[in-house]
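[1] dropping a prediction and its sequence here:
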Amino acid sequence: MDGKEKILLENFSEYMDSAEKALKEKKYNVSVTLFFKAITAASDLFLLRKEGIVPSSHTDRFRILQSKHEAIYDMVDRDFPFYQDSYTKKMDEEAAKLLKEDAQTIKKFSEK
């Protein structure tokens, strides 16, 4: 395991742990934000393992996923608006749980 992979795994775990805690405390906006960060870390881990690269921005990540890994792209594309909305709207438990599930799914993809 190289340094980038280790950092992405550690970041994924940290985001997930903190998001879970926020979810239990009914802090849904924090939870959504952190679950999306976990999704990003899992997506980057997947791309590092499958493509040998870590995207430098959301734009690059979306472009690579859309062109080469449609199933993951579809999840990230669906979830990104929740992340954006978490700055200006109140999130709910349903949104947080959806992002949690997607983060776990993308992480599993990276292990195949």
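    Received the coordinates, thanks. Predicted, not measured: the structure shown is a model, and the values here were computed from it.

[2] so what's the most centrally placed residue in the chain up against?
    Against the mean C-alpha coordinate of the chain, by C-alpha atoms, centre = their mean, the closest residue is Ile39 at 0.7 Å. Contact partners of Ile39, counting by C-beta atoms under 8 Å, 6 or more residues apart in numbering, are Met75, Val76, Asp79, Leu99, Asp102, Ala103, Ile106. (Glycine included, C-beta is placed from N, CA and C.)

[3] which among the residues you listed count as buried?
    Buried subset of the contacts of Ile39 (neighbour count, 16 or more other C-beta atoms under 10 Å): Met75, Val76, Asp79, Leu99, Asp102, Ala103, Ile106.

[4] and the residue nearest to the centre of the chain, how far from Lys112?
    17 Å (C-beta to C-beta, to the nearest Å).

[5] please apply the same query to Leu23.
    Here the criterion is C-beta to C-beta. By it, Leu23 lies 27 Å from Lys112.

[6] with Leu45 instead?
    Between Leu45 and Lys112 the computed distance is 12 Å (C-beta to C-beta).

[7] which of the two has more neighbours?
    Leu45 (23 against 7; other C-beta atoms under 10 Å).

[8] hmm, Phe12 and that one touching each other?
    Yes. The criterion here is C-beta atoms under 8 Å, and Leu45 meets it with Phe12 at 6.7 Å.

[9] ok, which stretches of the protein are helices?
    Applying DSSP state H to the chain gives helices spanning 3-24, 28-51, 58-68, 70-85, 93-110.

[10] tell me which of the ones you listed is the most buried.
    Comparing the helices of the chain by mean neighbour count (mean count of other C-beta atoms under 10 Å), helix 28-51 comes out on top with a mean of 23.

[11] need the per-residue pLDDT for the closest residue to the residue nearest to the centre of the chain other than its chain neighbours.
    In space, and not counting its chain neighbours, Ile39 is closest to Ala103: 4.8 Å by C-beta to C-beta, 6 or more residues apart in numbering. Looking at Ala103, its pLDDT reads 97.

[12] before I go, just wanted to say thanks for your time.
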